[in-house]
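**Q** Need coordinates for the following:
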Amino acid sequence: MDSCSSIISDWSIMQLEWLNDQADLYVSAFEDDDLSFFSTMNKLFLDLWPVHQMLWPSKPEYQCLTNSEQQHIYDAEDWLKIHIRSFFKEHYPQPGTSMLDTCISKWSSDQLEWLNNYKSAFVSAHRHNELRLFWPSILENFIKLWPICQLLWPIKPTWQILSKVECHCILNAEGEIALNIMFFFERLLTLCLL
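**A** Coordinates of the predicted model:
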């Protein structure tokens, strides 16, 4: 996992320029309710900077990869997708996202206790190179316990139809929660607390 986090901890100058060049598309996608923006950006980014080349610059592409190396690629791609989303949300915030920052920037004591209960599952997934399955599962379970609508709008009736901006806020919150969950466990791993 160290190699995964190291390739995305700092954007290269070319990557930063490319990401900043996409800002108008990001704003336009938000205004036009285009939900395919991030999947398109992820694909374009990975076409320009394949993870294989970022992880092992001197290793020929035609050389067969071990299962462990393939898992590193999957994990790094997942990290990159989250960091691309995070880059745009951080550098080009959209209307209605300030509420999102306040409700998911810190864990409640119940959420911390719940996350701590997943430590052993994380360790097992990390040891067996199954983090690709672990992340979606823990996010899904988290959202079942703490629905995003209730986090963002605690007094809003659940039957009320959401506006486009509110739908975008929910998508952004889901991405932020996923990122925060990953950082929670990665930090524990880095600090050797597991």
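**Q** What sits closest to residue 29 if chain neighbours are left out?
**A** Nearest residue to residue 29, sequence neighbours excluded (CB to CB, 6 or more residues apart in numbering): residue 37, at 3.6 Å. All C-beta spots, glycine's among them, are computed from the backbone N, C-alpha and C.
**Q** Quick check: pLDDT value at that neighbour.
**A** What the model reports for residue 37 is a pLDDT of 80.
**Q** and it, how many residues sit next to it?
**A** 18 (other CB atoms under 10 Å).
**Q** Next: residue 57.
**A** 7.
**Q** same deal with residue 73?
**A** 18.
**Q** before we move on, what about residue 156?
**A** 12.
**Q** Excluding sequence neighbours, find me the nearest residue to the residue positioned nearest the centre of the chain.
**A** The residue lying closest to the centre of the chain (CA atoms, centre = their mean) is residue 82, at 2.7 Å. Take residue 82 and drop its neighbours on the chain: the residue closest to it by CB to CB, 6+ apart is residue 179, 5.0 Å away.
**Q** how does the chain divide into domains?
**A** 1-92, 96-194 (automatic domain parsing).
**Q** Low-confidence bits of the protein, can you list those?
**A** Across the chain, residues meeting the criterion (pLDDT under 70) sit at 1-9, 30-35, 93-105, 190-194.
**Q** just to revisit the earlier point, might one say that the residue nearest to the centre of the chain is in contact with residue 177?
**A** No: contact between residue 82 and residue 177 fails when scored by CB atoms under 8 Å: they sit 10.7 Å apart.
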